[in-house]
Structures are given as C-alpha cells and as structure tokens.
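no FASTA, just this:
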C-alpha cells in the first residue's frame, strides 16, 4: 500500500525567506507525485507534478520540487516566500495497485504555511 | 474554458434527510472522484467512476452513493444524512487514471 507523510502540520516563515515543505512517500511501484495548494474556502489547485521525467520539477508561482528516489522524498521549495503563498499544501502520490488495473491517489494530511511580514 | 463546478456551495440539512450534491465537468474526462475533507483526516475518497455507468467505492463510502449516466456529471447522494457527514465535499476529475486530478470549489455541508 502507498502512503504519504508530510513532516510538520504547520510551517511558519518570514516574507522573503526560503520555503521548505517536506514530503516522504512509500510505494512498491514507481509513483507519480504531486503537490497541491489550497487557499481558504477554495478547492485544491495543482502546483506541480513528477511523472518519471526530470527529477527536478518546476511549478507555478515559483515553486519547485525534487524527486529523490533513494530518500523517497519529494520536498517542495521556493527561494523567497510571498505573503500570497500563505495556504495549505498537500503532497499526493499516485501508483498502480497490485492488480495492475487501477491507480490510487493518496494525499498527505497537509501542511499549513504561514508567511509573516 | 473547461472547468469543474459544484452545487450548492453551501447546504444545511437535517438528520435523516436525503441530500444530493452536484458535480459537473466540461473537460470530457472519463474519471471522476468525490472526496470529503475534515480536520485531522485530510482528504478521503468516497466514491469514484472511470466512465459512464461505472462506479466504485472508496475508503469512506458508507452512507453515500453515486451514479454516472453521462460523462459530465457525477452526483453524490447521502441517503439519510447524519451529523458525522458534516464536512466539505470536493469533486475532482482526471484525464487518465494515473494523472493529476482537477478539483471543484467544494460544497460545505452541515447536518443538524
């Protein structure tokens, strides 16, 4: 079975500081990995995705993530935080099930990012 | 532009009533999903469909049902609403099973 662990349910940074949101996954087969962002009272919006091409993935709003197979990690980073980045961020893994017929998307519990002026 | 919409955006209902939440997408995606989001639990899959007349149970399907009569719509029905079903419900769709899912804006349901 696959799983996702997001380290830190709440991360607080200062405006202009580095943003690092951690995500570790477990999967018995090569996964697809995603980061989503959720602003208050809105749905989830795709930030970026890893689908077995380049291991460093660039997304919207200046975010990027690096797939590290040896560490089973897919951490999300942004060099300089903006006030508008304050939101909840979800890491998700999609992998084929043991029967080879379906993919299941599993979400982490989320990390709330606060940006202080 | 293609999109996914949900209605109503807010709903208050009483225990025991039947409630239907609508989900409509214009991407022509075969795959559609319903999730609920609760504090401390993240997103949990309720039901999903891989095409017309196909429906499958997710991890928290008890008390919910779906039907898929066309590509665009996947309504979610709560047969007899319970207070434990107070939550925010999200519909999503994807082009292929392994690919990213696109989410609607959500429906906030309160069962009193």
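Looks like it arrived, so ask away. Note that the structure is predicted; figures quoted are calculated from it, not measured.

hey, let's count contacts and neighbours off CA atoms from now on
Fine.

Residue B:109 is in contact with residue B:11, correct?
Yes: contact criterion CA atoms under 8 Å: residue B:11 and residue B:109 qualify, at 4.9 Å.

out of those two, which sits in the more crowded spot?
Higher neighbour count among residue B:11 and residue B:109: residue B:109, with 20 against 14, using other CA atoms under 10 Å in any protein chain shown.

Any figure for the gap between the more buried one and residue A:76?
Residue B:109 sits 32 Å away from residue A:76, going by CA to CA, to the nearest Å.

Show the subsequent helix or strand relative to the least confident helix or strand in chain A by mean pLDDT.
Within chain A, no helix or strand scores below strand A:103-107, which has a mean of 84 by mean pLDDT, DSSP states H and E. Later in the chain than strand A:103-107, the nearest helix or strand by DSSP states H and E is strand A:111-116.

buried residues in that next one?
Residues A:111-115 are the ones in strand A:111-116 that count as buried (16 or more other CA atoms under 10 Å in any protein chain shown).

Briefly note if it comes near chain B.
No: remark: strand A:111-116 sits outside contact range of chain B, by CA under 8 Å from any CA of the partner chain, the gap being at least 10.2 Å.

Adjacent strands (with direction) for that strand?
In the sheet, strand A:111-116 lines up against strand A:10-14 (parallel), strand A:87-96 (antiparallel) (DSSP bridges).

Now tabulate those in a markdown table and tack on mean neighbour count.
Shown next, in a markdown table, are the strands paired with strand A:111-116 (neighbours: other CA atoms under 10 Å in any protein chain shown):
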| stretch | mean neighbour count |
| --- | --- |
| strand A:10-14 | 15 |
| strand A:87-96 | 24 |
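
Show me the one of these that comes nearest residue B:7.
Closest to residue B:7 of the strands paired with strand A:111-116 is strand A:87-96 (CA to CA; 23.3 Å).

angle of that closest one against strand A:103-107?
150 degrees (axes from the mean of the first three to the mean of the last three CA atoms, to 10 degrees).
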